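J.: Give me the fold of what follows.
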Amino acid sequence: MRITSVRVDGQEARYEYDGKTLRVYVSQGVHVVQVSYETKPRKGLYFVLPDEHYRDRVPMVWTQGESEDNHYWLPMPDYPNIKFTSELLIIVPKNWTAVSNGVLVETKDLGNEVMWHWRLDKPHSAYLVAFAAGEFEAVREDCDGVTIEHYVPRGYGDKARFSFYRTCDMIRFYSEYTGVKYPWPNYKHVAVSEFIYGGMENTTVTIVTDTTLHDEHAHCPSSKFPCPGMETSRQMV
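T.: Residues are numbered from 1 along each chain as shown. The predicted model follows:
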């Protein structure tokens, strides 16, 4: 990272950075530390862009933090046993959607760009801080008061119901089996290109490969959706 400034409680602060560890000097007590920086991450944050072999590739950005890769793009104590709340303000092109942990606080029009403000107010592990951005469309459903959202590449909304149809059933099963109600404010999927990890269960936002999206025939061979004897009808919008 290239650190441009470090402020503690609004004032310029003394710091040291050796390329691996950022050490900020503060007095005892509770402080707000602000780090301004830029970076071209080697891991943790990935940009999917057109190139000479894939000129029609749809641009996307997504993260993959497990288990200690988030510190390549976000200055943080990057250890799985460290937990904290998180809040991301993500600025993207106007026709893009940015999805992250927790609840969408607001979107703000910035002219040719838009800012997406996401906040998770319950502590979670450092490697589970995540976001994905691109030209997505959302398919939503209600699951016993829990909002479920599936973000898929634009034009693939009709396939989301096949890939993610049983999500509510799974949330309901584990809540009943453990006796503990689903603890988070919502649950989201984001299907992205070139996600070689298959899927990653970040807090409230699971990022999966877009190759999981499939049509009705793959879902119910020789039949119509919902598959007879396997699923009950539930509407996604």
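
J.: Give me the contacts around the helix or strand where Glu201 lies.
T.: Taking DSSP states H and E as the criterion, Glu201 maps to strand 199-202. Identification of contacts with strand 199-202 by Cβ atoms under 8 Å, 6 or more residues apart in numbering yields Gln64, Gly65, Glu66, Asn101, Leu128, Val129, Ala130, Thr206, Ile207, Val208, Thr209, Thr212. (Each C-beta comes from the backbone N, C-alpha and C, glycine too.)

J.: Please determine how far the third one is located from Tyr197.
T.: If I follow you right, that is Glu66. With distances taken as Cβ to Cβ, to the nearest Å, Glu66 is found 8 Å from Tyr197.

J.: Which one of the two is surrounded by more residues?
T.: Taking neighbours as other Cβ atoms under 10 Å, Glu66 and Tyr197 compare with Glu66 leading, 17 against 11.

J.: what about that one, distance to Gly44?
T.: Applying Cβ to Cβ, the value for Glu66 to Gly44 is 10 Å.

J.: The strand holding Glu201 pairs with which strands?
T.: Counting by DSSP bridges, the strands paired with strand 199-202 are strand 205-209 (antiparallel).

J.: mind listing what's buried in the partner strand?
T.: Val205, Thr206, Ile207, Val208, Thr209 (16 or more other Cβ atoms under 10 Å).

J.: from these, which is closest to Asp169?
T.: Thr206 (15.6 Å; Cβ to Cβ).

J.: State the number of residues packed around the residue nearest to Pro185 when sequence neighbours are not counted.
T.: Nearest non-adjacent residue to Pro185, counting by Cβ to Cβ, 6 or more residues apart in numbering: Val103, 5.1 Å away. Neighbours of Val103 under the rule other Cβ under 10 Å: 15.
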